[in-house]
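Undergrad: Any chance you could fold what I've pasted below:
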Amino acid sequence: MNFQLQISVNEKLFLRDPEQTELGRSIIEHSIELMHKYGFEAFTFKKLAEFIGTTEAGIYRYFENKHRLLLYMTAWYWSWLQYKVSFEINNITDPLKKLKKIIVLLSMAVEDDIRTTHIKEHLLHQIIIAEGSKAYLTKHVTADNKEQFFKPYKDLCHMIAGVILECNSNYKYSHSLASTIIEMSHYQYFFMHHLPALTDFGKSKDEKNVASFIEDLVFRSLSLKK
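TA: Numbers count the residues shown, from 1 in each chain. Predicted coordinates for the structure are as follows:
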């Protein structure tokens, strides 16, 4: 029997915990579907309310606005991804193999997790790639950071930075490289599917090539042999 995976999210991101009610879980599930379909700008609580058969007021009881909802979704995704990466590398002792595994996990398309039945991770992954930067590219990013809204993303970067230092303890830029690995995997994936002239993988549409490129770049930066 598969257990339901519980991901904790900063309580300041919501007015009422959506995981605790059927309506709340429906809001998250269908927000992901509609935001993936329409994009963040065109997505509205009015469209969401009509789609799930509730009122806008009902949605506003859970989230102050759609930006807080996006922050919630990104925080949930980074926490889930950190859990997934930690699980996958838990029994790997060789730091080089750990780092290779992390790069593959970050570069490949995401499959839905059967332990989170109301969240389609493959759609959420696409939202993070296309819309995730809008969570922090705002005038109030400093205030949001003080509220620790970006902690799950920073925790994931910190974990990857730790593995980088296991590979080369003298490397000076572990956190910068960690965040670069994450962002590069997203941009190359996006370019490959939508702006193929900006990559060498536009014809193949093969995520393995993205992983190979990032691995080559990272290991050269660390002065390591594959």
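Undergrad: and residue 114, how many residues sit next to it?
TA: Applying other Cβ atoms under 10 Å, we find 9 residues neighbouring residue 114. The C-beta positions use only the backbone N, C-alpha and C, and glycine is treated the same way.
Undergrad: list the contacts for residue 148?
TA: Counting by Cβ atoms under 8 Å, 6 or more residues apart in numbering, residue 148 touches residue 10.
Undergrad: element containing it, please.
TA: Using DSSP states H and E, residue 148 is not contained in any helix or strand.
Undergrad: Who are the packing partners of the strand or helix carrying residue 215?
TA: Per DSSP H and E, residue 215 falls inside helix 207-221. When contacts are defined as 3 or more Cβ pairs under 8 Å, 6 or more residues apart in numbering; DSSP states H and E, helix 207-221 packs onto helix 95-107, helix 174-194.
Undergrad: Buried residues of that helix, list them for me.
TA: The neighbour-count check on helix 207-221 (16 or more other Cβ atoms under 10 Å) flags 207, 209-215, 218-219 as buried.
Undergrad: With stretch 159-177 instead?
TA: Of the residues in stretch 159-177, those buried (16+ other Cβ under 10 Å) are 159-161, 163-165, 167-168, 171, 174, 177.
Undergrad: now swap in stretch 16-28 and tell me
TA: Result for stretch 16-28 [16+ other Cβ under 10 Å]: buried residues 18-19, 23-28.
Undergrad: How is residue 118 classified with respect to secondary structure?
TA: Secondary structure for residue 118, judged by DSSP: H, G, I helix; E, B strand; the rest coil, is coil.
Undergrad: Who are the contact partners of it?
TA: Applying Cβ under 8 Å, 6+ apart, the residues near residue 118 are 25-26, 28-29.
Undergrad: Could you verify my assumption that residue 198 touches residue 189?
TA: No: counting by Cβ atoms under 8 Å, residue 198 does not reach residue 189; the two are 11.6 Å apart.
Undergrad: and the two? which has more neighbours close in?
TA: For the pair residue 198 and residue 189, the greater number of neighbours falls to residue 189 (22 against 13), based on other Cβ under 10 Å.
Undergrad: quick one: that one and residue 210 touch, right?
TA: Yes: shown here, residue 189 and residue 210 form a contact pair, counting by Cβ under 8 Å, at 6.1 Å.
Undergrad: Identify the contacts common to those two.
TA: Residues within reach of residue 189 and of residue 210 at once, by Cβ under 8 Å, 6+ apart, are residue 107.
Undergrad: what's the single longest helix in this structure?
TA: Assignment by DSSP state H gives helix 66-89 as the longest helix of the chain.
Undergrad: What mean pLDDT does that helix get?
TA: Mean pLDDT, helix 66-89: 97.
Undergrad: what angle separates it from helix 174-194?
TA: With axes from the mean of the first three to the mean of the last three Cα atoms, to 10 degrees defining the directions, helix 66-89 sits at 110 degrees from helix 174-194.
Undergrad: Right, I'll leave it there.
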